[in-house]
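> Everything below, folded, please.
(4 chains)
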Number of protein chains: 4
Amino acid sequence: MEFSLSARCQELQTQLTEFMDEHVYPAESVYEQQLAASGDPHSHPPVLEDLKAEARRRGLWNLFLPHKTEWTDGLSNVDYAPLAEIMGRSSIAPEACNCNAPDTGNMEILTMFGTPEQQEQWLHPLLEGEIRSAFAMTEPAVASSDATNITSSIQRDGDDYVINGRKWFISGALHPHCRLLIVMGKTDFDAPPHRQQSMVLVPMDTPGVTILRNMHVFGYDDAEGHVDMTFEDVRVPASNLLGEEGGGFTMAQARLGPGRIHHCMRTIGAAERALELMCQRAHTRSPFGKPLAEQGVVQTWVADARMNIDQARFYTFYTAWLMDTAGNQAARNEISGIKVIVPNMALEVIDNAMQTHGAMGVSQDTPLARTYAWLRALRFADGPDEVHRMAIARRELRRWAPDQRSGGSAP
Amino acid sequence: MEFSLSARCQELQTQLTEFMDEHVYPAESVYEQQLAASGDPHSHPPVLEDLKAEARRRGLWNLFLPHKTEWTDGLSNVDYAPLAEIMGRSSIAPEACNCNAPDTGNMEILTMFGTPEQQEQWLHPLLEGEIRSAFAMTEPAVASSDATNITSSIQRDGDDYVINGRKWFISGALHPHCRLLIVMGKTDFDAPPHRQQSMVLVPMDTPGVTILRNMHVFGYDDAEGHVDMTFEDVRVPASNLLGEEGGGFTMAQARLGPGRIHHCMRTIGAAERALELMCQRAHTRSPFGKPLAEQGVVQTWVADARMNIDQARFYTFYTAWLMDTAGNQAARNEISGIKVIVPNMALEVIDNAMQTHGAMGVSQDTPLARTYAWLRALRFADGPDEVHRMAIARRELRRWAPDQRSGGSAP
Amino acid sequence: MEFSLSARCQELQTQLTEFMDEHVYPAESVYEQQLAASGDPHSHPPVLEDLKAEARRRGLWNLFLPHKTEWTDGLSNVDYAPLAEIMGRSSIAPEACNCNAPDTGNMEILTMFGTPEQQEQWLHPLLEGEIRSAFAMTEPAVASSDATNITSSIQRDGDDYVINGRKWFISGALHPHCRLLIVMGKTDFDAPPHRQQSMVLVPMDTPGVTILRNMHVFGYDDAEGHVDMTFEDVRVPASNLLGEEGGGFTMAQARLGPGRIHHCMRTIGAAERALELMCQRAHTRSPFGKPLAEQGVVQTWVADARMNIDQARFYTFYTAWLMDTAGNQAARNEISGIKVIVPNMALEVIDNAMQTHGAMGVSQDTPLARTYAWLRALRFADGPDEVHRMAIARRELRRWAPDQRSGGSAP
Amino acid sequence: MEFSLSARCQELQTQLTEFMDEHVYPAESVYEQQLAASGDPHSHPPVLEDLKAEARRRGLWNLFLPHKTEWTDGLSNVDYAPLAEIMGRSSIAPEACNCNAPDTGNMEILTMFGTPEQQEQWLHPLLEGEIRSAFAMTEPAVASSDATNITSSIQRDGDDYVINGRKWFISGALHPHCRLLIVMGKTDFDAPPHRQQSMVLVPMDTPGVTILRNMHVFGYDDAEGHVDMTFEDVRVPASNLLGEEGGGFTMAQARLGPGRIHHCMRTIGAAERALELMCQRAHTRSPFGKPLAEQGVVQTWVADARMNIDQARFYTFYTAWLMDTAGNQAARNEISGIKVIVPNMALEVIDNAMQTHGAMGVSQDTPLARTYAWLRALRFADGPDEVHRMAIARRELRRWAPDQRSGGSAP
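This next block holds a predicted model:
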């Protein structure tokens, strides 16, 4: 067992920290000002393009992608984890480094399942940070935590596919650069449950694609959007099929594992930043004559944060290592585990950080409430806690089923 | 011991429930539409005036005020509690019934400490629902959970008082009807700590009163506002002093007790509504082929909600009864107790209700996230949990201090 | 609504507190010494007979029984609750006042369902405190949280019943005064599920009754015992049937409601005593130079204890009032509620009290660990938490089932 | 980063698992029977000597010691961790492998600070498993979580030291093989606080050493004992001083780090075994017609156990690695962290396992209640949770103190 980071990871860690200190943190308030000044909550503040240029110049670009491609070298999950954590400290850092969801997942499945033409048309500009994309899976009418419930249809009609359905909470679709939707629907309602789904690439400006409204998260009308949208007789060429017909469920699974661990890595960084804010605040406020930093209740929050962040981090590192060495499928129990543990851990840290700040803690004057809102949503996004727990429990219980018991030994 | 409600309370309960069913619940979406259509997040939707007229016609008006005045009969806390709970089910009900904070607290101290002239000028139109008001106490620079920290000054200058200072999170100040600010500041920085503060009545349009911005709560830019504001050489006649010089701290305390229990009563109603929404949702969703209502985890949430709401309600009823029979001061330990217990209980119920709804639960399509945000803020508004716990603990520990033990009972 | 205690209850409360202070608390260590000196962990320390005589002299006897009988006046549940709480402060007080389980439940069903002969033979000496009894229901082979699972047989054979089966965790059976077993078994395995069970009165010395061993609770080999026992061809006259054949399930339910609330009442007293011990300890220990009583973490424990005890108490009082005014059946949801809430609340209080005491807290030098062990067992005795939660959830969910919804109103 | 175990560790893991399956688990009930049959709760069941011989034969002996000595090879902490976890699955395994507290800690400080003569006399037979020992530090009169509070005196008198004081909860002192006490006391009450303490080696049979009684843990009268004892003019030669005068505090610290992590390693194994028992029980009980294994609440317990054990394990592995690579002192924050996290995690797992078992779960028929009792005590043994949290919090807060902040970067 060896816990030290690789030389390459340590080097990137240093460079990324410098980039955060010199460029990203100072740009956070600029971003807010530019967004407010534009009068459009869904505009794209120019400072972000400056950050992207700078990140690219420094080689802090597309670090998320484990695969070697024509355009990327690839970085292992275990090397990426400490870097994603740093990006997770600021809500604008992932986009600055072209490591933001949902594009990362979309780039990964385009890498794995796209044709050379699809890659040239969509993957390349995504990797360049020239365009953005969205992933249209979730539907209002059904419990989308079970992907077999999806009702949107993708029908073959001559050389085209015709898409009909309603999707909501489609993140990224309001970003001014969003050009591509990867749409999940059913090409065959009569096939076995996990072979009914397919994915097609739908350019954003295809007729029949209509954004109805943006869904808020708590009170936040997020810039990139989580939209409620309809597809009415949306027609794309058959060559826009991603992978094979009936392969949608499998590709969605392939997309989810990395997506979940990326969220967890970033969330650990968000928790670290909340802890830092909590500590700084605790030094500066002294109700009743003693700094909060010297009060037992606040100390308990600080200590619990330190311990719980640390154990969640090692659990996440282990999961990344397992994905690297045994494959994403072999790590699915651990991916479920961190997907439950990490957001809940971070929510508790942030909640205590908010309490340490008083009213300021829920306002726009710290990033705490916004981060809380997003992480609260993460408790059901990509599978609710309860579904992940059920999956873990069933695997564990199976080990001890009466006909499985092969003796007294255990791990 | 007797837990049944009085005849008058039961009658009002029936009438209020009818009013809610027939008018308030249907008006909730109208309110949102009118607010959105106005283009101004701080406008006053006309439907609220319709509700106010109807509530008044039905005698469901000013029920919060325990005092008999020239204009009101008064209702005991214990009779008001079940009614406030019903109003707490809808965010627009309290204003519809003229029972909304911060006006209730302002009306109460005007009743108790106002001169006949002050009452005629301000209390009367407040009781009529013609104007609204705000209470300007909290300051950004200091830990306001300890009111002796306040730094704003109220200086006597001839026949006037001159006010200087900065206040934030001043709720209600953006309501178009807001006409009055009750400002807490220091008239004597050299007096004993609890005799330095005074309150003055400041008309909203007095020169030198400036609203800088509204403070958001989890992204919500609330219609009535929680503003960040300055007072620069604001001059009002000396007759605008409320009560006596140096009486500010005492009046603030007198205001806080009822304010806290009103919040708790309403919060119990908010929790009941969240439980109702959770149950309804649980009947209609069946991921993995079985309704959520039949799944053990959701049943645990439902049962915990029922038990915890109920025990919190009886604790609140007892506190109301104690205020009625022994006085607000005698009930201060219980007021602190419910102020900690009730919001935390409700947050847990709402959090589970959100989880039951999935993404919809944090969006604008249910009242859950908005209520969560407000109740989260209530965990520090009117005294953070930690300060209330400390007060309760000190009183309890004092009972068992070595020199207090009088032999009497145990161990 | 009225929270003050009745005059009779207040009077008894005063008398009982005096009895506790003057006799019970001082007898606790005497009890331990006599038990240890006897060399038999299941002996009956003579000091208990002294306490019983004194309690009886003072009229603090059989207060638990709500029914008026030839030998008792009856006391309402709501009047008994504050008294049971006081008894719950000491593990020897309930027996001293003849209010100890399982005899209380046995006396109650003998009162309700016994023939005059059965009452004269068994109820009378139980009410006199001359004998003790046990209730033999739970079985090792089946999940006894569902009483229909019971497998013991009670077969009619001529003028006799013949009993066969194994029972465990039969509390009280090792008490030297135990003379009577009320045995639950099946008289008709083919009847509808809730009509198969009957109860028979079995004198302790009947041939075929064998105690195999005592079951420990966290290492405690309790004096009165929780035995593992067998019934082999145990023969009693048919007149020993309690109530009617097939009435066992109903009688068990009738027995359980009061039994559960009595446990809860006493548990509140146990929690109060733990809080008191925690506070006293907190005043006397000063690691790192400051008394525990002034440290925030301990203050949090004290405050949480005070709040949670109080809200659980009012919930319990309400349940008692509901039983008195609407009947035990009408209060079954609340009985389930307090059965979950109260033991869990008390366990948390005691756990913190133990932590405040350090190693001493888990040793024989305080009553904390023993009380903890017993209350931990109470989380499944008389129905595990999970079964009570399920029952509450189902009733709540039924209110909001699609075909039940009759409009927008709620409690 | 690399999570795979070393070849040597994997080999020992296999061997140890075989030893557990073939010898230790089958011996558990034999141990209980022999102990009961002896009539003396503090006797030494012969089966343990058989196990020791077998463990030694297999080379599963003294694995705990990281140091190379005349008699041992040494094994790194990171290699020992997975082995200690396996031993922690059975309460008799650590002694079987000569890896049991408090001897391990005593052997370690004898290795580090003992003279060759002391090592030959005491360390050698301890490593051989011929004798056992105890560590006499904790005192009833003071808060021993702060070791500077100790009051026992060790006075130089000619060529001797004379010891006076009272100690309690001295574990191991009732073991029939216990021959050595390492006593912590003060040689100089006037020295600086951390230089007052020294340690001396006191043979168990030295005149003046008196065992007063055994302290119980919950109801357990543990075989090896946790005694309350006095030292009255106990005289030993000056050569029995361990290390130097005034070095006691430092040696106690050196002893505590490894002691704490060993407890945590074993506790993870205890949690794994409880999870296994919970799962097995869940497959075999079906109240209300469905196995517990298929019920959502039990599945939640199982999943939480799996996740929390795993993250605690990686946190512990990291701590072991840090001790190996950076030294025990550098790992003190992490040692505090696991000391809080691991016992609390295990207590929750065991508590749920007990609930799954019902009454059987708190009885002598499973190891659950006994393990719970011991781990509950571990929450204050070797430093209470609260002291560890305080230490962690202070270090964390120091990083963010106003004069420490060196920029925006963080881990």
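> Show me the shaky parts of the stretch 201-350 of chain A.
Across the stretch 201-350 of chain A, nothing is flagged by pLDDT under 70.
> residue in it nearest to chain C?
Nearest residue of the stretch 201-350 of chain A to chain C: residue A:296, at 3.0 Å (C-beta to the nearest C-beta). Just so you know, the C-beta spots here come from the backbone N, C-alpha and C atoms, and that holds for glycine as well.
> Residue in chain A with the shortest distance to chain B?
For chain A, C-beta to the nearest C-beta, closest residue to chain B: residue A:219, 3.0 Å.
> residues touching the nearest residue to that residue once chain neighbours are set aside, list them.
Leaving aside its chain neighbours, residue A:219 sits nearest to residue B:219 (3.0 Å; criterion: C-beta to C-beta, 6 or more residues apart in numbering or on different chains). Residues near residue B:219 by C-beta atoms under 8 Å, 6 or more residues apart in numbering or on different chains: A:216-221, A:369-370, A:373, B:373.
> need the residues of the stretch 201-350 of chain A near chain C, please.
Within the stretch 201-350 of chain A, the positions lying close to chain C (C-beta under 8 Å from any C-beta of the partner chain) are A:295-300.
> From the residues you listed, list the ones also adjacent to chain B.
Okay, of these touching chain B (C-beta under 8 Å from any C-beta), that's A:295, A:297.
> So which of the residues of the stretch 201-350 of chain A next to chain C sit within helices?
A:296-300 (DSSP state H).
> on that earlier part again, so which of the contacts of residue B:219 comes closest to chain D?
residue A:370 (18.4 Å).
> Would you mind measuring from that closest one to residue D:389?
Noted for residue A:370: a distance of 29 Å to residue D:389, by C-beta to C-beta, to the nearest Å.
> Show me which of the two is the more surrounded one.
Set residue A:370 next to residue D:389 and count neighbours by other C-beta atoms under 10 Å in any protein chain shown: residue D:389 wins out with 24 against 21.
> Give me the distance between the residue lying closest to that one once chain neighbours are set aside and residue D:394.
Closest residue to residue D:389 apart from its sequence neighbours, by C-beta to C-beta, 6+ apart: residue A:303 at 3.7 Å. Per C-beta to C-beta, residue A:303 is found 9 Å from residue D:394.
> and if you look at residue A:101?
37 Å.
> same question, residue A:118
From residue A:118 to residue D:394 the distance is 56 Å (C-beta to C-beta).
> more crowded one of these two?
residue A:118 (18 against 14).
> so what's that one up against?
Contacts of residue A:118 by C-beta under 8 Å, 6+ apart are A:110, A:201, A:240, A:242.
> from the chain's centre, how far out does the lengthiest helix in chain A sit?
Using DSSP H, we find that the single longest helix of chain A is helix A:248-284. Centroid separation for helix A:248-284 versus its chain: 8 Å, with C-alpha atoms, centre = their mean, to the nearest Å.
> Stretch A:28-46 too?
Worked out by C-alpha atoms, centre = their mean, stretch A:28-46 lies 22 Å from the chain centre.
> Do that stretch and chain D come into contact?
No: Stretch A:28-46 lies apart from chain D when judged by C-beta under 8 Å from any C-beta; the minimum separation is 10.3 Å.
> Name the residues that touch that stretch?
So stretch A:28-46 is contacted by A:47-48, A:90-92, A:174-177, A:214, A:221, A:223-225, A:364, A:367 (C-beta under 8 Å, 6+ apart).
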